[in-house]
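Enquirer: Test case, fold it:
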Amino acid sequence: MIIGNGLIANSLKKIDSENILLFASGVSNSLETRSSEFEREFTLLKKTLSNNKGKLIYFSTLSIHDQSKQDSHYVLHKLKIEAYIKDHVEDYLILRIGNIVGNGGNPNTLFNFLKTQITNENKFVIHQKARRLLLDIDDIAKFLNTQCTHLTNETLNFAYPYYYDLKEIVGAIQKKINKPAHYDEINEGDFYKVSFDDNIAQFFSGISPDDYLQKLTEKYI
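Expert: From the prediction side, this is the model:
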């Protein structure tokens, strides 16, 4: 059963199952501050769990590892839900997701933002020290299709395990669009390092960072 109707939920339709609860509903805006929005997700999760006793797969965020966001409402909310799941669910898998790349979704996600700025020939700013962990939306279903029944009570960091420089991403997008990107560089930005389980490393094995980035631009730009 799939709970949700957003980008992640729609990507899971091919692996929908009565025996697995795919909880992909919740606050999508990481800058959200209204407690009512977070409480809505929490209430829905509790209600859904009371009516379904199968395996739960919950989608969290890699931002939990970002020291600059430890006090954000979004990260604190995700940590609260993760803790609740670990205390109240017998069989679960929590996937902490990186920067998703797919068709549609939030226009302010990294790929969508850069695509819009370059297409419209707008000027933007690049933080030289920033790095990003990317994830093809389709890889979520592919991974779960082969691994979800084998992983019990695990919390996994899930993204392609390479820290992309923003200029690498901009370069790939502008090449696909065939327009130059207009941007200023400032000596700011940071990134956080995370550990990746052997299951994740194996899933992405054989694919180079350049090939993965090219695949993303070919599919979604």
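Enquirer: Give me the nearest residue to residue 30, chain neighbours excluded.
Expert: residue 74 (4.5 Å; Cβ to Cβ, 6 or more residues apart in numbering). Using the backbone N, CA and C atoms, a C-beta is placed for each residue, glycine as well.
Enquirer: in a strand, that's where the one you found is, yeah?
Expert: No - Residue 74 is assigned helix when assessed by DSSP: H, G, I helix; E, B strand; the rest coil, not a strand.
Enquirer: Mind pulling up the pLDDT for it?
Expert: For residue 74, the pLDDT comes out at 89.
Enquirer: residues contacting it?
Expert: Contact partners of residue 74, counting by Cβ atoms under 8 Å, 6 or more residues apart in numbering, are 27, 29, 30, 31, 32, 61, 63.
Enquirer: all strands of this protein, in order?
Expert: 2-3, 20-23, 55-61, 92-97, 99-101, 123-127, 131-132, 134-136, 154-158, 164-165, 182-186 (DSSP state E).
Enquirer: Out of those, which is closest to residue 211?
Expert: Smallest distance to residue 211 across these (Cβ to Cβ): 11.7 Å, for strand 134-136.
Enquirer: That closest one: partners in the sheet, and parallel or antiparallel?
Expert: strand 99-101 (parallel) (DSSP bridges).
Enquirer: What residues of the strand it pairs with count as buried?
Expert: 99, 100, 101 (16 or more other Cβ atoms under 10 Å).
Enquirer: tell me which residues form a beta bridge with the second one?
Expert: So the one you mean is residue 100. residue 135.
Enquirer: correct me, but it touches residue 132?
Expert: No - look at residue 100 against residue 132 with Cβ atoms under 8 Å: they stay out of range, at 11.1 Å.
Enquirer: where does the chain have low pLDDT?
Expert: Counting by pLDDT under 70, the chain contains no low-confidence range.
Enquirer: Would you map the helices across it?
Expert: 7-11, 35-51, 73-88, 110-119, 137-147, 166-177, 198-203, 209-220 (DSSP state H).
Enquirer: Mean neighbour count, the ones you listed: which tops it?
Expert: helix 7-11 (a mean of 20; mean count of other Cβ atoms under 10 Å).
Enquirer: just how off-centre is that helix within its chain?
Expert: Counting by Cα atoms, centre = their mean, to the nearest Å, helix 7-11 is centred 11 Å from the centre of its parent chain.
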